[in-house]
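> need a structure here:
(chains A and B)
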Amino acid sequence: MSISVHNLSKSYDKIKALDAISFEVNEGELFGLIGPDGAGKTTLFRILTTLLIADEGVAKVANMEVVKEYKRIRESVGYMPGRFSLYQDLTVLENLNFFATIFGTTVEENYELIKDIYIQIEPFKDRRAGKLSGGMKQKLALCCALIHKPKVLFLDEPTTGVDPVSRKEFWDMLKRLNKHGITILVSTPYMDEAALCDRIALIQHGKLLEVDSPQNIVDRHQKIIYNVSAENTYRLIQDLKRFPTQEAVYAFGEFIHYTDSKSSFSPEELRAYLLQNNHKNVDIHTAVTTIEDVFMDLASTFKSEAIEN
Amino acid sequence: MRIISYIVQKEFLQIFRNKAMLPIIFVLPLIQLLILSNAATFDVKNIKFSFIDNDRTSTSRGLISKFEASNYFDVLEHFTSKELADQAMEKGAVDVILDIPRHFERDLVKNKKAELAVYTNAIDGAKAGIENVYINQIIREYNQHLSASLSLTDHQVARPINILAIPAFWYNNTLNYKTFMVPGILVLLVTMITLFLSGMNIVREKEIGTLEQINVTPIRKSQFIIGKLFPFWVLGMVLLTVGLVIAKIVFSVPIVGSIGLIYVFTAVYILLILGLGLFISNFTETQQQAMFIAWFLMVIFILMSGLFTPIESMPPWAQKLTLLNPIRYYVEVIRMVMLKGSGFIDVIYQLSVITVFAFVMNGLAVWSYKKTN
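Residues are numbered from 1 along each chain as shown, chains lettered A, B, ... in the order given. You can find the predicted model right below:
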């Protein structure tokens, strides 16, 4: 087991950042931690990378306990914080050499591992890190996190603020690294990236909502989701929310995603209702369920449960 | 060792790459040394002197000519009345008014006694005190000169005994304030630069987030701290060297004692200051906070160092407080060694105090550094 977390809790004053979470990550897995800002992702990362001590629970990384064996963990994990945190006034090569040295290795020794990524930034190797574009910075940071050939790689929101092309490239790189047998724990607020992971954990308010492969999570989701569109989107949302049997209404791209609480629901009912309310060009058809839909659903039931309690 | 040397390399690289930082580290302190050493003087010169001569005799004119002859006084104006003189004082046009009463000469000859009124602008108390000393000195000299000549005309047997005091100022024969100030200001500069740089350095890594990245690496605290602070130790020593060269060449300050001793003391002293800087770093989150705390300490250190005001004239509680002030010891030692030629045995007290301080401060700093992780 590469990462195992058992009943981990951490509070800041009165706010529970992590609330008794447990999960396991297999060796060589690309594991995604999916959740909105403030869900507790960074706190979990900081505990697993030995920067923070949990209030309760046990966590192991590469079979080492995060509190007792923190020194050995630091030798065998790579961490890329959400914020770009390399020396902006050093060049690409200087940064790389610096991190190689403090890990007690050299760039040459593990060049094989970073080669694919480094080749892309090599033309700029004498440029200062602060002068690189966002995507280039990410690649450099990834190289620095990999330079000592870590067993486990922690990436905290690596693609936040990166353009779509670079984001895609970045995920391709992660896939390739995965083939080298490196376990990767990556967090992201983007639901579309979730589908690229082997397994994901959905997290909100410090609690795990679901842990499984993206496909299983979607498959298990029973509810049929409808794409609804009409000329006036704002009024459409208002009217859908007034429909007696509605369960969830939220904007999703150019459509409104709609789910109904009745099992005998038929779209024709809704169409008639909307036409009655003077909507033009009404279009209703079933949508392909995505992780985002599942997350919205789980998050809302979680919230209503919390209120009931 | 390889790791430490690489961090040191990296720090130097960053220092030399920062185009704004180099002049700040080297040029600004030297400009300060040149300007402050010339400006921070205890001499009071160009005193704006005015007088009201109600007597208009050779005696009164003789007294005024003594003031004119002195290079401390600028004899500005002759007022015809006390009111006009007072107005000028109110406007700040004059610092000192000498009021010579009518019948000054007559009273002096007849009664062997005459009175003079001196009004001094005492907004700056220290300056007024010094002015008063100068004035009294001139009047006393003139008085002696007069009584000598008067007694001659009187054909008296008993002549006034003139007591002449010849002052000898040891270690600074001419009481040249620069000899006194330059080593002191050099001490301030070395302290200031090393404290500010080390105080802000680790905070900076916190601010830009690199410290978090470093903390996940297997690097040991001691390696990191030594690697970070060593460059500033070197910079402090270089600064001292440049300062000493300027002191010798530009200000001709004598260096009587052993330069080696100054370096030994400075080497330990900078360790103490770096420890203090690290300590500040540990309890601050931004460079701004670190800067403010460093300034706060620096002002206290400077004003209670005995550099500008003698420690002996402070109230007893303040004197005790200065025992904790590292600059106090450094100022003492550098003056003792440079001006007096004190040897190792003479400064052993200061050296041991600073060594103890350095150990305590660095111990605290390293201990608290661990805690923040």
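
> going by C-alpha atoms from here, please, whenever you check contacts or count neighbours.
OK.

> which residues touch the residue in chain A that chain B sits nearest to?
Residue nearest to chain B within chain A (CA to the nearest CA): residue A:85, separated by 4.7 Å. With contact set as CA atoms under 8 Å, 6 or more residues apart in numbering or on different chains, residue A:85 has these partners: A:141, B:208-210, B:212-213.

> farthest-apart pair in those residues, please.
Spanning the widest gap among those are A:141 and B:208, at 14.0 Å by CA to CA.

> compare these two (neighbour count), which wins?
residue A:141 (24 against 16; other CA atoms under 10 Å in any protein chain shown).

> could you find the closest non-adjacent residue to that one?
residue A:80 (6.6 Å; CA to CA, 6 or more residues apart in numbering or on different chains).

> what's near enough to touch the one you found?
Taking CA under 8 Å, 6+ apart, one finds A:141-142, A:145, A:154-156, A:158, B:213 in contact with residue A:80.

> now rank those by neighbours and give me the top one.
For the contacts of residue A:80, the largest number of neighbours (other CA under 10 Å) sits with residue A:145, at 26 neighbours.

> ok, now which ones touch residue B:258?
By CA under 8 Å, 6+ apart, the residues touching residue B:258 are B:337-338, B:341, B:343.

> can you give me every residue that contacts residue B:266?
With contact set as CA under 8 Å, 6+ apart, residue B:266 has these partners: B:237, B:330.

> where's it, which helix or strand?
Per DSSP states H and E, residue B:266 falls inside helix B:259-282.

> same question for that helix, mean pLDDT?
Helix B:259-282 shows a mean pLDDT of 93.

> what does stretch B:34-51 give?
Mean per-residue pLDDT for stretch B:34-51: 79.

> over to stretch A:48-56?
In this model, stretch A:48-56 has a mean pLDDT of 89.

> from one end of that stretch to the other, what's the distance?
13 Å (CA to CA, to the nearest Å).

> and the contacts of that stretch?
A:7-11, A:20, A:43, A:46-47, A:59-61, A:66-67, A:70, A:73-74, A:77, A:79, A:154, B:212, B:215-216, B:373.

> give the buried subset of those as a ChimeraX selection command.
The buried residues among the contacts of stretch A:48-56 can be selected in ChimeraX (16 or more other CA atoms under 10 Å in any protein chain shown) with this line:
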select /A:8,9,10,20,43,46,47,59,60,61,66,67,70,73,74,77,79,154 /B:212,215,216
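
> just the ones of the contacts of stretch A:48-56 in strands?
If you go by DSSP state E, these have A:7-11, A:20, A:59-61, A:77, A:79, A:154 in strands.

> same list, those residues, but only the ones touching chain B.
residue A:79 (CA under 8 Å from any CA of the partner chain).

> between the ones in strands among the contacts of stretch A:48-56, which is nearest residue A:175?
residue A:154 (14.1 Å).

> just the buried positions in stretch B:321-340, please.
Those would be B:322, B:324-340, for stretch B:321-340 by 16+ other CA under 10 Å.

> swap in stretch A:26-37?
Within stretch A:26-37, the residues scored as buried using 16+ other CA under 10 Å are A:27-36.

> now it: mean pLDDT?
For stretch A:26-37, the mean pLDDT works out to 89.

> straight-line length of that stretch, end to end?
Length of stretch A:26-37, first residue to last, CA to CA: 26 Å.

> can you name the residues in contact with it?
Against stretch A:26-37 from outside (CA under 8 Å, 6+ apart): A:1-3, A:25, A:41, A:174-175, A:178-179, A:181-191, A:194, A:197-204.

> among these, which are in reach of chain B?
Of the contacts of stretch A:26-37, not one also sits near chain B (CA under 8 Å from any CA).

> what about the strands in the chain?
Here I'm looking at chain A. A:3-12, A:15-25, A:30-34, A:56-61, A:64-65, A:77-80, A:152-156, A:183-188, A:199-204, A:207-212, A:226-229, A:246-252, A:255-260, A:283-286.

> can you look at chain B instead?
Ranges of strands in chain B, per DSSP E, are B:47-53, B:73-78, B:96-100, B:117-120.

> tell me the buried residues in the last one?
Pointing back at strand B:117-120 there. Neighbour count says strand B:117-120 has B:119-120 buried, by 16+ other CA under 10 Å.

> does residue B:114 touch residue B:139 like I think?
No. Contact status for residue B:114 versus residue B:139: not in contact, 11.8 Å apart, counting by CA atoms under 8 Å.

> check contacts around the closest residue to residue A:163 other than its chain neighbours.
For residue A:163, ignoring the flanking residues on the chain, the nearest one in space by CA to CA, 6+ apart is residue A:135 at 7.3 Å. By CA under 8 Å, 6+ apart, the contact list for residue A:135 reads A:162-163, A:166-167.

> just to revisit the earlier point, selecting buried members of the contacts of stretch A:26-37 in ChimeraX, what would you type?
With 16+ other CA under 10 Å as the criterion, this ChimeraX line picks the buried residues out of these:
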select /A:2,3,25,41,174,175,178,182,183,184,185,186,187,188,189,190,191,194,197,198,199,200,201,202,203,204
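
> ok, and the closest non-adjacent residue to residue 4?
As the question left the chain open, I've gone with chain A. Closest to residue A:4 by CA to CA, 6+ apart is residue A:24, at 4.4 Å.

> that's the wrong chain, I meant chain B
residue B:227 (4.9 Å).

> need the helices for chain A, in chain order.
Counting by DSSP state H, the segments of chain A that form helices are A:41-48, A:70-76, A:92-102, A:111-121, A:134-146, A:164-179, A:191-194, A:214-220, A:233-242, A:267-276, A:291-308.

> residue contacts, the residue most central in space within chain A?
Central residue of chain A (CA atoms, centre = their mean): residue A:188, 2.4 Å from the mean position. Residue A:188 sits next to A:32-35, A:156-160, A:194 when contact means CA under 8 Å, 6+ apart.

> where in chain A is the helix or strand with the lowest mean pLDDT?
The weakest-scoring helix or strand in chain A, judged by mean pLDDT, DSSP states H and E, is helix A:291-308 (a mean of 71).

> kind regards, and thank you for your time.
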